[in-house]
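Peer 1: would you be able to build a 3D model of this:
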Amino acid sequence: LAPSDGDMGDRFGWAVSTDGERVLVGARSDENDGLIGSGSAYVFRHTDDGWLEEAKLTDPNRAANDAFGFSVSLAGTTALVGASGDDDPGLDSGAAHVFRHVGIGWVHEAELEAPDAEGQERFGRAVALAANIAVVGASHDGDDGTHSGSAYVYRRGPEGWTEDRKLTASDAAAGARFGRAVSIAPVGDLVVIGAPSAGAVGSGAAYLFADHGGKWSEVAKFAPYADVSGAQFGTSTAAASGRAVVGAPRGSEDPGTVDVILTEPGACPSIGDLNGDGRVSFADLLMLAGAWGACPPIPAPCAADLNGDGIVSGTDLLMLLSRWTR
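Peer 2: Numbers count the residues shown, from 1 in each chain. Presented below is the predicted three-dimensional model:
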């Protein structure tokens, strides 16, 4: 595949996504209307005559160096494109754009921005889309220290796209770059977020969040199988029902590794595994007991609130016991 108006330096292929008969390709350095680095994304559709370019997507309010197309995600007739260099409201604060195929063409549906956006946060560096849920990473957010990172969940409803929750790691720390990679299961109920610089030696981590009736909570933290210094585990992630896949490009002395993690109950428990060791055991029971009562105000994490009702109570205890590892 190649763009109909491609030029040297466009970086076409920087990001790719596919769903069904369509492929979405980002060209983060494409020049549009004389705006260098404004970026674009291309939709290709498979037909009886092969792959045809269906549309070129751009930011309606594009500016130079927006890096539109830095990240892309496609789900059915909806496309999500990250523009991590967008400068509104601050330098490299970032944005993400939703497009939808309507009738015979693609239309711009919404621009997503962090409600607490600041410069240099690079919101849109990673995006993921499933059903009516969008996830956008902001790896340089500094709420919990410089470049600690965050991710935002948005939900499409009758009134358009609205923020569902801002996600941060339960053990957030400066430099972790949480949100460098984001992925979401096809049904939109599980999200995996990478933090490739987490840990004292930068081995990295990935976090699993689950949607409990519209309330998101962290249910597991994953560490690399081979805990190598500087492995950057969490640089890339993929999510599916019952499985998370996490890349570590510098794992095992630089060749790189990919860890496949089972998340189905009974295979490798996640819900109730509060310390992320792959088991639901007495250690998790102690953590739940220590968090008993009302959760801290959002966005503070409350991993022990397994049913997402804002209170760690007997209901959560029963959920944990139902996942007990024998």
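Peer 1: the helices in the stretch 151-300 of the chain, which residues?
Peer 2: 282-290 (DSSP state H, counting those that start in this stretch).
Peer 1: where does it have low pLDDT?
Peer 2: 226-227, 251-254, 262-271, 276, 278, 297-300 (pLDDT under 70).
Peer 1: so what's Gly9 up against?
Peer 2: Ser29 (CB atoms under 8 Å, 6 or more residues apart in numbering). The C-beta positions use only the backbone N, C-alpha and C, and glycine is treated the same way.
Peer 1: any idea which helix or strand carries it?
Peer 2: If you go by DSSP states H and E, Gly9 is not part of any helix or strand.
Peer 1: could you measure from it over to Val219?
Peer 2: 43 Å (CB to CB, to the nearest Å).
Peer 1: again with Leu112
Peer 2: Leu112 is 25 Å from Val219, by CB to CB.
Peer 1: now Leu288, nearest residue through space, not along the chain?
Peer 2: In space, and not counting its chain neighbours, Leu288 is closest to Ala304: 4.5 Å by CB to CB, 6 or more residues apart in numbering.
Peer 1: what's the local residue count around the one you found?
Peer 2: Residue neighbour count, defined by other CB atoms under 10 Å, stands at 25 for Ala304.
Peer 1: against Gly213, how distant is it?
Peer 2: From Ala304 to Gly213 the distance is 17 Å (CB to CB).
Peer 1: also Leu167?
Peer 2: 16 Å.
Peer 1: neighbour count: those two, which is higher?
Peer 2: Taking neighbours as other CB under 10 Å, Leu167 and Gly213 compare with Leu167 leading, 24 against 7.
Peer 1: okay, strands next: where are they in the stretch 51-200 of the chain?
Peer 2: Applying DSSP state E, counting those that start in this stretch to the stretch 51-200 of the chain gives strands spanning 68-75, 78-83, 95-102, 105-112, 123-130, 133-138, 150-157, 160-167, 181-184, 190-195.
Peer 1: let me have the ones you listed in TSV, extended by distance to Ala240.
Peer 2: TSV is the format used below for these (distance: least, CB to CB, whole Å):
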stretch	distance to Ala240
strand 68-75	14
strand 78-83	18
strand 95-102	22
strand 105-112	24
strand 123-130	10
strand 133-138	15
strand 150-157	18
strand 160-167	19
strand 181-184	9
strand 190-195	8
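Peer 1: select, out of the ones you listed, the one closest to Tyr42.
Peer 2: strand 68-75 (8.6 Å; CB to CB).
Peer 1: who does that closest one touch, helix- and strand-wise?
Peer 2: strand 12-19, strand 22-27, strand 40-47, strand 78-83, strand 123-130 (3 or more CB pairs under 8 Å, 6 or more residues apart in numbering; DSSP states H and E).
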